[in-house]
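K.L.:
what's the 3D shape of this:
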Amino acid sequence: MIEGLLLEIAEYHLGDQISSQQKEKLSKALSAIEGVESAGIRDSSVSVQYYPDILSKETIRRELVSLGVSFEKNGKPRNPFKRFVNRLAESNTKTFGSEPLDCCKLNSKQRFKS
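P.N.:
Purely as a prediction, here's the structure:
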């Protein structure tokens, strides 16, 4: 632990299961990176405790990619609030289009023809 610096945790969700040999290789590689305090590797995710003043999440992600790790595809966000906001945005786009809202145009029949 480095005195005076705060730790953060980055969670990376894996697309594929990894073997015990790969887990060991990833653990050693991540621990060797300057700024990483610890790394926990489970079957479906990698959790890295790091110092954001020294290292960024994107740097860790690039290192994982260079080690051959594949991440889960952009599916649903795990945060329920983000999912709600994303669904609300999609609904508004379908209902009102991408134009700015204007009280004179909202009930226009032309808007529904396109």
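K.L.:
got the phi/psi numbers for the closest residue to residue 44 other than its chain neighbours?
P.N.:
Nearest residue to residue 44, sequence neighbours excluded (CB to CB, 6 or more residues apart in numbering): residue 14, at 5.5 Å. Glycine gets a C-beta too; all of them are placed from N, C-alpha and C. As for residue 14, its main-chain torsions (degrees, to the nearest 10) stand at phi -80, psi 150.
K.L.:
residue 14: neighbour count?
P.N.:
With neighbours defined by other CB atoms under 10 Å, the count for residue 14 comes to 19.
K.L.:
in contact with it, which residues?
P.N.:
By CB atoms under 8 Å, 6 or more residues apart in numbering, residue 14 lies in contact with 43-46, 69-72.
K.L.:
go on, residue 63?
P.N.:
The contact partners of residue 63, by CB under 8 Å, 6+ apart, come to 29-30, 33.
K.L.:
run the last query once more with 6 Å
P.N.:
For residue 63, the contact set (CB atoms under 6 Å, 6 or more residues apart in numbering) is empty.
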